[in-house]
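Student: Please work out how this folds:
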Amino acid sequence: MIRQRNVKIVATLGPASNDYEMIRGLFEAGADVFRLNMSHGDHDEIRVRHEIIRQVEKDLERPIAILADLQGPKLRCGVFANEAEELVAGQSFRFDLDDAPGDINRVQLPHKEIFEALEPGSSLLINDGKIKVRVKTCGVDFADCEVEVPGVISNRKGVNVPDVVLPLAALSEKDRKDLEFVCELGVDWLALSFVQRAADVEEARVLAKGRAAVLSKIEKPAAVSAFDEILAVSDGIMVARGDLGVELPVQNVPPIQKRLIRGCRRAAKPVIVATQMLESMIESPVPTRAEVSDVATAIYEGTDAIMLSAESAAGNYPIEAVTTMNNVAMEVENDQTYRQVIEASRKADRMTVADGIVAAAREIAETTDIKAICCFTQSGTTALLVARERPRVRILALTPLTRTARRLCLSWGAVCVLTEEVERFKGAVVGAVRAALNTEVASEDDQIVVTAGVPFNKPGTTNILRVAPCVERLIYSSDPE
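Tutor: Below you'll find the model as predicted:
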């Protein structure tokens with residue numbers, strides 16, 4: 001089952017996609033990666049979903065990536081004596097540490113770290129930005145504010161603090177327990193919420209101990225400012241436009257999205273565009289025209305993956321949502337403008353031998369009659385470098401490691417194939433030819449490009465390239481080397 005597109009689709013699982021038939025249906029409709037949202041569902045529910053995905057993987061004999069999305073610290077106000085109060089523009093309102101029920105004048109904000117970071121002039125956003133207040137005076141246990149955008153505030157509404165870097169770790173105690181649980185379970189990717197600085201990512205990497213790749217969610221202004229440093233220590237990025245659109249003016253989000261995608265591509269690291277891509281399909285079998293345009297824009301910009309959240313987790317039409325994404329992706333990638341945009345944004349700088357090898361592989365493939373670029377990879381680095389080139393031909397990522405094959409399911413264009421370990425390049429050519437024929441990306445009349453690193457089984461040594469006719473399978477099939 002080879003996708004007729006290069007961009008990958010991430011589908012979130014939840015109450016609407018909780019059994020074998022639905023999860024298999026989502027995969028067959030086009031989902032390449034399944035997201036387990038640790039904000040919803042206990043460990044038993046997560047374990048069951050994980051087991052079902054692995055069963056689908058076994059039955060269909062195709063690697064499937066699993067991404068566990070950690071909740072991160074949640075900042076919420078306290079409760080009100082009347083459950084809710086209506087704030088009006090210009091009035092004064094206090095947040096403090098007092099756990100007494102709130103009223104029209106004050107409410108608890110049980111996060112002392114916020115008060116430690118606030119300064120006069122800082123803003124607080126409540127209930128996804130529907131209410132905005134400005135800090136006038138503040139101390140270690142209070143903040144007196146003026147209401148700038150009025151509205152109804154009620155029990156335990158979320159609070160965002162966009163103006164300051166909070167002295168909060170990205171990993172709460174719950175996140176640490178969840179991280180250990182999903183790493184032992186065997187997920188492939190960890191999505192880290194509430195990232196503000198590179199140190200947040202490094203902490204998660206230490207805890208993961210290499211058991212899962214770490215993907216940083218860019219959802220706070222501080223993360224946008226520190227993006228280069230965060231990208232350097234991350235294995236991938238998610239452009240989490242939900243909180244990003246709350247904490248920043250909404251008109252800032254599209255250029256940030258474009259900039260982050262290009263930064264990830266230069267670094268050869270996968271990037272997901274997420275949040276509200278087909279939001280109306282939670283309740284409707286067809287999307288709005290604006291949503292289709294949003295999905296298409298992310299694909300034109302060169303993202304590795306596009307993500308469904310509530311559409312597949314809790315919506316009425318999960319398979320239709322995946323099918324819609326799949327159809328939009330195929331239509332965009334068949335558009336000549338897509339190739340023009342992708343190739344115009346290709347970075348020309350070459351810094352290493354591996355960069356030169358994969359660039360040459362793409363050039364050869366696109367100027368001669370080549371059907372696929374086949375890259376042998378241990379860590380996945382070679383395949384990621386080839387994907388950065390966004391070639392016009394298929395990318396076959398060949399690896400003996402199931403873990404690597406699964407992680408590469410998130411990478412643009414990578415068709416992941418499990419192979420036996422090889423010791424000589426001749427054996428790699430034979431394996432590549434067999435994979436190209438078995439996946440039907442080439443026939444015996446075709447040629448492929450093979451890249452690998454010698455010595456084999458050593459990550460990061462991409463240094464060899466060969467053009468091979470697919471009939472070499474007949475020549476070398478009895479050769480023990």
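
Student: mind checking how far Glu301 is from Arg362?
Tutor: Separation of Glu301 from Arg362 (CB to CB, to the nearest Å) stands at 19 Å. Bear in mind the C-beta positions are built from the backbone N, C-alpha and C, glycine included.

Student: same deal with Val135?
Tutor: 53 Å.

Student: quick one: the residue nearest to Val332 when sequence neighbours are not counted from Thr377, how far?
Tutor: Take Val332 and drop its neighbours on the chain: the residue closest to it by CB to CB, 6 or more residues apart in numbering is Ile299, 4.6 Å away. Distance of Ile299 to Thr377, given as CB to CB: 25 Å.

Student: Quick check: buried residues in stretch 164-176?
Tutor: Within stretch 164-176, the residues scored as buried using 16 or more other CB atoms under 10 Å are Val164, Leu166, Leu168, Ala169, Ala170, Leu171, Ser172, Asp175.

Student: Now do it: distance from first to last residue.
Tutor: With CA to CA, to the nearest Å as the measure, stretch 164-176 spans 24 Å from end to end.

Student: quick one: that stretch to chain centroid distance?
Tutor: Distance, stretch centre to chain centre, for stretch 164-176: 20 Å (CA atoms, centre = their mean, to the nearest Å).

Student: likewise stretch 387-395?
Tutor: Put simply, stretch 387-395 sits 19 Å off its chain's centre (CA atoms, centre = their mean).

Student: Can I get it in CSV? Just the C-alpha atoms.
Tutor: Taking C-alpha atoms only, stretch 387-395 is exported to CSV below (Å, rounded to 0.1, in the frame of the first residue of the first chain):
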residue,chain,number,x,y,z
ALA,A,387,13.5,14.1,2.0
ARG,A,388,14.9,17.6,2.5
GLU,A,389,15.7,17.7,-1.2
ARG,A,390,12.0,17.0,-2.0
PRO,A,391,12.8,15.0,-5.1
ARG,A,392,10.3,14.3,-7.9
VAL,A,393,10.8,10.5,-7.6
ARG,A,394,10.0,8.1,-4.8
ILE,A,395,12.1,7.8,-1.7
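
Student: which helices and strands does the strand or helix carrying the residue nearest to Val332 pack with?
Tutor: Assigned by DSSP states H and E, Ile299 belongs to helix 289-300. For helix 289-300, the packing partners by 3 or more CB pairs under 8 Å, 6 or more residues apart in numbering; DSSP states H and E come out as helix 253-266, strand 305-308, helix 318-333, helix 336-344.

Student: Of all those, which one is nearest Gly453?
Tutor: Nearest to Gly453 among those is helix 253-266 (21.6 Å), distances taken as CB to CB.

Student: Indicate each strand paired with the helix or strand following that closest one and its parallel or antiparallel sense.
Tutor: Using DSSP H and E, the helix or strand that directly follows helix 253-266 along the chain is strand 271-274. As defined by DSSP bridges, the strand partners of strand 271-274 come to strand 236-240 (parallel), strand 305-308 (parallel).

Student: ok, and what's touching strand 271-274?
Tutor: Residues outside strand 271-274 that contact it (CB atoms under 8 Å, 6 or more residues apart in numbering): 10, 215, 236-242, 257, 260-261, 264-265, 298, 301, 303-307, 309, 410.

Student: Provide a ChimeraX selection command restricted to the buried entries of those.
Tutor: This is the ChimeraX syntax for the buried subset of those, where burial follows 16+ other CB under 10 Å:
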select :10,215,236,237,238,239,240,241,257,260,261,264,265,298,301,303,304,305,306,307,309,410
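
Student: tell me the most buried of the helices and strands packed on helix 289-300?
Tutor: For these, the largest average neighbour count (mean count of other CB atoms under 10 Å) is found in strand 305-308, namely a mean of 26.

Student: Summarise which helices and strands whichever helix or strand comes after that one is packed against.
Tutor: Per DSSP H and E, the first helix or strand lying C-terminal to strand 305-308 is helix 310-313. Secondary-structure packing of helix 310-313 (3+ CB pairs under 8 Å, 6+ apart): strand 8-13, helix 318-333.

Student: any idea of the angle the longest one forms with helix 336-344?
Tutor: Computed by axes from the mean of the first three to the mean of the last three CA atoms, to 10 degrees, the angle separating helix 318-333 from helix 336-344 equals 70 degrees.

Student: The first one too?
Tutor: In this structure, strand 8-13 runs at an angle of 100 degrees to helix 336-344, with the same axes, to 10 degrees as the basis.

Student: Show me what strand 8-13 is in contact with.
Tutor: By CB under 8 Å, 6+ apart, the list of residues contacting strand 8-13 from outside reads 17, 23, 26, 30-37, 49, 67, 69, 272, 274, 304-313, 318, 322, 325-326, 329, 409-412.

Student: Now Gly25: closest residue in space that isn't a chain neighbour?
Tutor: Counting by CB to CB, 6+ apart, Gly25 lies nearest to Ile319, which is 5.2 Å off, once chain neighbours are set aside.

Student: Which residue ranges of the stretch 51-200 of the chain form helices?
Tutor: Under the criterion DSSP state H, counting those that start in this stretch, the stretch 51-200 of the chain contains helices at 112-117, 173-185, 198-208.
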